[in-house]
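Engineer: Structure of the sequence below:
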Amino acid sequence: MKAHQRLTIAAAYLAPALLAVIFLRIWPALSAVHDSLLAPRATSYSFENYTYIFTDPVFLQSLLTTVIYSIIVNPLQIAIALALALLMNAAIPYVGFWRALVLLPVAIPQSVSAVVWGVAFRPDGPLNAVITSVGLEPMRFLTSPDQALASIIVIVSWIGVGYWMTFILAGLQEIPKSLYEAVRIDGANRWQQFRYVTLPQLRRPLTFVLVANTVANFLVFAPVQILTQGGPEGSTDLIMNEIYTRAFISDDPSSAAAATVVLVAVVLVVVLIQFRLMRSPEDVNA
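Structural biologist: The predicted structure follows:
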């Protein structure tokens, strides 16, 4: 087979994926940048939309809320996922059943999970029924500015922890048993085995989970929109909800496009920092 024939066949196989990347990724991204540089009723490019959003206290508060949310939810989800993966990797009875149970929320759409948790978090819902039954004051889960963001974190973590656990569990099962046998012979206890064998061997899976989890949590939208619409008092107004509000409620697509570009830039910076921090010593010395 000639070279040009091989190239034609390869291009035919790659064409659907390339078209999907171009029309579903590259084109929308370029369109967002274009729209963000066009102010309403303007015919030339400018940074007016960026000046506007960075002087808008609502957008700045949304950005701050998103950063605080991410700082809390990312380590929380990864720590729980890692703990569950270690547990599910142990020889416990009915381990297949427990793995399926932990993974079950992943199969439920975020919108459905949000509705279910919305019922549970109602002032007269089952959670408050349990709380009041032991003599405590009922909680204002979704109606209190001090509790609403924590409630969203609980919902998102319930959905995501099982998903991230599967990747860490797969990484655990790839670690050679001989490494643990060697350090046990040297007298290492369980903590030392975890620190010097498990964590270094999980560097790549943990890097993927950290980055993917960070991106996913920056893009959280459904639970906020369904349950709080960014309230109360803007306490759950994450940046994706703010972008939606600007584009479809306030009819301001230009500033929504600028906010989208800012979101992408923030995510890229955070991801690059994470990749740098998670590099192995071999990668650093290479």
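Engineer: Give me the mean pLDDT for the longest helix along the chain.
Structural biologist: The longest helix of the chain (DSSP state H) is helix 57-88. Taken as a whole, helix 57-88 has a mean pLDDT of 93.
Engineer: packing partners for the next helix or strand after that helix?
Structural biologist: Moving toward the C-terminus from helix 57-88, the next helix or strand (DSSP states H and E) is helix 95-103. Counting contacts by 3 or more Cβ pairs under 8 Å, 6 or more residues apart in numbering; DSSP states H and E, helix 95-103 is packed against helix 57-88, helix 148-173. Heads up, the C-betas are built off the backbone N, CA and C, glycines and all.
Engineer: got a markdown table for the ones you listed, with mean neighbour count and distance to residue 16 too?
Structural biologist: As requested, the helices and strands packed on helix 95-103 are exported to a markdown table (neighbours: other Cβ atoms under 10 Å; distance: least, Cβ to Cβ, whole Å):
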| stretch | mean neighbour count | distance to residue 16 |
| --- | --- | --- |
| helix 57-88 | 18 | 33 |
| helix 148-173 | 21 | 26 |
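Engineer: In TSV, list those along with distance to residue 123.
Structural biologist: Formatted as TSV, the helices and strands packed on helix 95-103 follow (distance: least, Cβ to Cβ, whole Å):
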stretch	distance to residue 123
helix 57-88	23
helix 148-173	13
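Engineer: so which of those gets nearest residue 21?
Structural biologist: helix 148-173 (23.4 Å; Cβ to Cβ).
Engineer: now that closest one against helix 95-103, angle please.
Structural biologist: 150 degrees (axes from the mean of the first three to the mean of the last three Cα atoms, to 10 degrees).
Engineer: what comes up buried for the helix or strand just after helix 148-173?
Structural biologist: Downstream of helix 148-173, the next assigned helix or strand under DSSP H and E is helix 177-185. Buried residues in helix 177-185, counted by 16 or more other Cβ atoms under 10 Å: none are found.
Engineer: got the contact list for the helix or strand just after helix 177-185?
Structural biologist: Remark: after helix 177-185, the chain's next helix or strand is helix 190-193, criterion DSSP H and E. Residues outside helix 190-193 that contact it (Cβ atoms under 8 Å, 6 or more residues apart in numbering): 180, 183-184.
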